[in-house]
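Enquirer: structure here, sequence nowhere to be found:
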């Protein structure tokens, strides 16, 4: 397909039909017979079709989808994924046991194969400008312009303030029985409760399927009498004494490598500890552009395709779905990438119609 078409933001497609329409304004010209990449990865100053913020499973998957659809795509990522401290990941068909770092490395290679670009940076400021596009200032001073933005920046796990937890996070202190339970079968396991008491109780019950020795250190969690009876009947031991410290056993030879210390001096040996951290989404960019929140959970609201209520802005992965595992985050990224491709295509289709055939709202007649 030779020639060129005016590249203009238009109205959203069917998956964004409930969102505000974007006025069609004249912008850069693109060539449809080549990838519409505006410049090299070192100093991209032109208009990108899509800027993906965050280069984990969700961001890289979306970027590959967009790049394969021949949209100029750049991923802005500092290389610090949530699961970087873990040795392996599980539950991802054909990738079970892969190191998280290797997963990201392979994903970056796939993106490069389709002409995608990666910038080692983070976004310091984000604005939606009057023509419907976005201006993003990076922490290194560079500026990107984009027709669409996907935020896949993940979250931070805020651990209970118990000495010894943070330094053992992702090695001996874990958060997901589906990710780590199989590897701990037959070992003594402890679950330390916190603000998310219902989640901790669920973890204790789930780990009981892997071990005959599961202790739920309630640690102030609000657990109903009915739930206590259910857990006890299922074989979970409950301890109400507050936890004061988690440490490594002095001599784990022949025993378990960890010790949980309680207020009053008691101690419990175990092979691993599970906690339910408080998720803190990295949603600053979404808030900068005015994305609305879900009043039920305080997270930025997205539809089934990952679209926010800001035209041209999507979000995927843990930043909007804290409990999503790697495979679910990748799936959300794929869905968002397809949605973005459709939205961008609708803009170009509308922009291809001569002005005299469009009404005041930008819709062709």
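Expert: Arrived safely, thanks for sending. Because the structure is predicted, anything quoted here is derived from the model rather than measured.
Enquirer: how is residue 75 assigned, secondary-structure-wise?
Expert: strand (DSSP: H, G, I helix; E, B strand; the rest coil).
Enquirer: I figured it was touching residue 116, is that so?
Expert: Yes. Using CB atoms under 8 Å, residue 75 is in contact with residue 116, at 6.6 Å. C-beta: built from backbone N, CA, C; applies to glycine.
Enquirer: looking at those two, which has the bigger crowd around it?
Expert: Taking neighbours as other CB atoms under 10 Å, residue 75 and residue 116 compare with residue 75 leading, 28 against 25.
Enquirer: check the gap between that one and residue 286 for me.
Expert: Going from residue 75 to residue 286 by CB to CB, to the nearest Å gives 17 Å.
Enquirer: thinking again about what came up before, overlap in contacts, residue 75 and residue 116.
Expert: residue 63 (CB atoms under 8 Å, 6 or more residues apart in numbering).
Enquirer: show the model's pLDDT score for residue 294.
Expert: Note for residue 294: predicted pLDDT of 95.
Enquirer: surely it is in contact with residue 301?
Expert: Yes. Between residue 294 and residue 301 there is a contact under CB under 8 Å: 4.1 Å.
Enquirer: neighbour count winner among these two?
Expert: residue 301 (18 against 11).
Enquirer: so what's residue 256 closest to, chain neighbours aside?
Expert: The shortest distance from residue 256 to any non-neighbouring residue, by CB to CB, 6 or more residues apart in numbering, is to residue 269 (4.3 Å).
Enquirer: that's a strand at that neighbour, yeah?
Expert: Yes. The assignment for residue 269 is a strand, going by three-state DSSP.
Enquirer: ok, what's across the strand from it?
Expert: In this structure, residue 269 bridges to residue 259 when assessed by DSSP bridges.
Enquirer: ok, it to residue 181 distance?
Expert: With CB to CB as the criterion, residue 269 and residue 181 are 19 Å apart.
Enquirer: looking at these two, which is more packed in?
Expert: residue 181 (21 against 15).
Enquirer: what score does residue 15 have for pLDDT?
Expert: On pLDDT, residue 15 comes in at 33.
Enquirer: again, but for residue 108
Expert: With respect to pLDDT, residue 108 has a value of 97.
Enquirer: looks to me like it is in a helix.
Expert: Yes. The assignment for residue 108 by three-state DSSP puts it in a helix.
Enquirer: got the contact list for it?
Expert: By CB under 8 Å, 6+ apart, the contact set of residue 108 is 55, 60, 118.
Enquirer: pull out the buried positions in the top helix by length along the chain.
Expert: Secondary structure of the chain per DSSP state H: the longest helix is helix 326-352. Within helix 326-352, the residues scored as buried using 16 or more other CB atoms under 10 Å are 326-344, 346-348, 350-351.
Enquirer: now for that helix, which elements pack on it?
Expert: On a contact count with 3 or more CB pairs under 8 Å, 6 or more residues apart in numbering; DSSP states H and E, helix 326-352 meets strand 4-6, strand 47-53, helix 57-68, strand 143-151, strand 313-315.
Enquirer: and the last one, how far out from the chain's middle?
Expert: If I follow you right, that is strand 313-315. On the basis of CA atoms, centre = their mean, to the nearest Å, strand 313-315 sits 12 Å off its chain's mean C-alpha point.
Enquirer: I'd like to know which elements it is packed against.
Expert: strand 143-151, helix 326-352.
Enquirer: next one: residue 210 relative to residue 54, how far apart?
Expert: Distance, residue 210 to residue 54, using CB to CB: 32 Å.
Enquirer: typo on my end, residue 229
Expert: On the measure of CB to CB, residue 229 and residue 54 end up 43 Å apart.
Enquirer: more crowded one of the two?
Expert: Set residue 229 next to residue 54 and count neighbours by other CB under 10 Å: residue 54 wins out with 32 against 10.
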